[in-house]
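**Student:** this one's sequence-less:
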Ligand SMILES: Nc1ncnc2c1ncn2[C@@H]1O[C@H](COP(=O)(O)OP(=O)(O)O)[C@@H](O)[C@H]1O
Ligand SMILES: O=C(CO)[C@H](O)[C@H](O)COP(=O)(O)O
C-alpha cells in the first residue's frame, strides 16, 4: 500500500539527496487578523533576530529559485533558505516574544508575530527568488478556531499538555493502545474541548500549530499533513481517518490531510506584496519538528536514527515495520514508503535550561570526562509527567542529590538523559522495529561533543552530529519537494 502511494508522490530521498488538565480560561477572542494585515516593519527591526547570510549576489545564479523552511520549536523559531542543491543561502532564529493575557502566555500572538518577523528577516535580495515556503511545528500542539472567521475559540493546547479527562472516552472508541490513547494526544485535546465547550461546536475547526501558521500565509482553512494529523487519529497508511473516528460527532472539526510538502496554493497577495515575494511563490504543507529534524539529517536507510536534543528528547528511527503502543508512547510516522518509529520524552534541553545557561553548559561540559561513568541516577523532567519511553502522567522529576560540583551534576544529568534515550531505542527494538545501527543528533544539544561521546558510550552505537542540525532545514526540503512536484505537474 505504502509503496504504491509513494510511487505517485515525489519522495524526499528522491530530491538532490541521497509536542495538568488545563483550567480552561476562554482564549480571549482577539482580532488577530488585523495585526497581520497591518504588519509594521519597524516591529521586526526592533526584534532581536539572529540572521546569518551566506548569500551574496554571486552566490545566487541568475534565475535561481530558492526554498524557505521555518521551524517553530518549543523555545523559538528559525528559518533556512536553500537552493535546489540544498546549499543554505540564509538562516536565522528568534526567541518567542512573551505576550501575556490573564497571567498566561498569548502563544498565538507570539507565534504570529514571530512568523512575520522571520519573513522580515529574509534578505530583501533573496525574497523575489523564493519559490515555496513550508513550516514545521511542535507535534500535537492544538488550536481550535472558528471556521468562518479563522479567529481562535480557545487558547492553544501545547504539545506536552495532558488532558486525562478525555482519556476514558478516547480509549473507548480507539483500538487498544492506539497512538491517540495518550493524554497528550491531539484527539484527547479535541475531546476535552468538545466536552467542555458549548456554543461554538458547529463552526469549530481543529488545526495544528504548523497548519495554523501556514494558513496565515495561504489563507485556505482546514488543511494539515499526515505527520501533524497522526496524533488526532489520521491513518497515514490508509490515507484517511478511520471509521471509528469519522463516526464521532466532533469529526466535523478534523482538517483534511495531504502529504507533507504538498503545494496548497499561492502566498496571500497582501503578504506577498508587503514583503516582496514573487507571484508564483507557493505555500506547502508542513510536518512536525522532530520529523523535520529527521529530514534535515538526510538519513535514508532503515536502521539510521535521529535523536532531536531540543527542549525535549525525541527519537526517530527509520524502519521498514510500523509499530505503535500508547502504553509506552511509541508511534510510527510515515516517511514516503517507510516508517519513522519513535516517541518524544519530556526530558531534554528545557530541563538543562532551568538549571544552567547555554554558556554554563558549554563551559562545564569542557571539564566532563565522557568516558567516566556517572554514578548519579536522575530522571530529568521540568514538571510531573512523562510521555516516552514510559507514558506516565504521574512520573515525578528526579534531579537530586545534587553534588557540590556543577561539572559532576551536569555530567549526571547528561548521562541520565542518555540512559533514557538508550531505553527508548531498546524499546523500539523489543517491539520489532528495524535494529538501530547509527544515531545522528539534531537540535541544540547536538553541539555538545562531550554529550555525544557520553551517548555513544551509553548507547553502544556510533553517534554523530547530523549534517544539518536545524529542523528548519528539513522544512526547507519540504518546500523544495512541493515546488518540484508543482513544476513536474505543469
Ligand atoms: N552546549 C549545550 N549542551 C547541551 N544542551 C544545550 C547546549 N546548548 C543549548 N542546549 C540546549 O538546547 C536546547 C535548545 O535546542 P533547540 O533545538 O533550539 O530547542 P527547541 O527547538 O526544542 O526549542 C535548550 O533547551 C538548551 O538546553
Ligand atoms: O516534543 C516535542 C516538542 O518539540 C515534539 O514536537 C513532539 O512531541 C515530537 O512529536 P513527533 O514525534 O510527532 O514529531
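**Tutor:** Looks like it arrived, so ask away. These numbers come from a predicted model, not from an experiment. Ligands and ions are numbered 1, 2, ... in the order given.
**Student:** going forward, measure contacts between C-alpha atoms and count neighbours the same way
**Tutor:** Will do.
**Student:** Endpoint to endpoint, stretch 294-313 covers what distance?
**Tutor:** 13 Å (C-alpha to C-alpha, to the nearest Å).
**Student:** how about that stretch: buried residues?
**Tutor:** Neighbour-count burial for stretch 294-313, with 16 or more other C-alpha atoms under 10 Å as criterion, is recorded at 294-300, 302-313.
**Student:** Near residue 369, how many other residues are there?
**Tutor:** Neighbour count for residue 369, taken as other C-alpha atoms under 10 Å: 16.
**Student:** if you skip the residues just before and after it, what's nearest to it?
**Tutor:** residue 450 (7.6 Å; C-alpha to C-alpha, 6 or more residues apart in numbering).
**Student:** Out of the buried residues of stretch 294-313, which sit inside helices?
**Tutor:** Counting by DSSP state H, the buried residues of stretch 294-313 place 294-297 in helices.
**Student:** would you turn these into CSV with distance to residue 226 and pLDDT?
**Tutor:** Listed next are those as CSV, based on distance: C-alpha to C-alpha, whole Å; pLDDT from 0 to 100:
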residue, distance to residue 226, pLDDT
294, 15, 96
295, 15, 97
296, 18, 96
297, 20, 95
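**Student:** Pick the one among those residues closest to ligand 2.
**Tutor:** residue 294 (9.4 Å; C-alpha to the nearest ligand atom).
**Student:** which strand residues sit across from the closest residue to the closest one other than its chain neighbours in the sheet?
**Tutor:** Closest residue to residue 294 apart from its sequence neighbours, by C-alpha to C-alpha, 6+ apart: residue 306 at 5.7 Å. Assessed by DSSP bridges, residue 306 has beta-bridge partners residue 316, residue 440.
**Student:** Over to residue 88?
**Tutor:** residue 82.
**Student:** That one against residue 69, yeah?
**Tutor:** No. Using C-alpha atoms under 8 Å, residue 88 makes no contact with residue 69, being 10.8 Å away.
**Student:** Now for those two: what residues contact both?
**Tutor:** 80-81 (C-alpha atoms under 8 Å, 6 or more residues apart in numbering).
**Student:** more neighbours, the two?
**Tutor:** Remark: of residue 88 and residue 69, residue 69 carries more neighbours, 28 against 19, as counted by other C-alpha under 10 Å.
**Student:** show me the contacts for the more buried one.
**Tutor:** Here residue 69 is in contact with 79-81, 133-136, 472-479 (C-alpha under 8 Å, 6+ apart).
**Student:** I'd say residue 380 and residue 351 touch.
**Tutor:** Yes. Counting by C-alpha under 8 Å, residue 351 is a contact partner of residue 380 at 6.4 Å.
**Student:** Need phi/psi at the closest residue to ligand 2 within the stretch 101-250 of the chain.
**Tutor:** Nearest to ligand 2 in the stretch 101-250 of the chain, going by C-alpha to the nearest ligand atom, is residue 138, at a distance of 3.5 Å. With angles defined as degrees, to the nearest 10, residue 138 sits at phi -70, psi 140.
**Student:** Report the separation between it and residue 73.
**Tutor:** 6 Å.
**Student:** just for the stretch 101-250 of the chain, where's the confidence low?
**Tutor:** 198 (pLDDT under 70).
**Student:** on that earlier part again, right, and out of the contacts of residue 69, which lies closest to residue 263?
**Tutor:** Distances from residue 263 to the contacts of residue 69, taken as C-alpha to C-alpha, are shortest for residue 479 (8.2 Å).
**Student:** Now do the contacts for that closest one.
**Tutor:** 67-69, 132-134, 261, 283-284 are the contacts of residue 479 under C-alpha under 8 Å, 6+ apart.
**Student:** so which strand or helix has it?
**Tutor:** Per DSSP states H and E: residue 479 is located in helix 471-489.
**Student:** for stretch 67-84, the distance to its chain's centre please.
**Tutor:** Here the centre of stretch 67-84 is set off from its chain's centre by 11 Å, with C-alpha atoms, centre = their mean, to the nearest Å.
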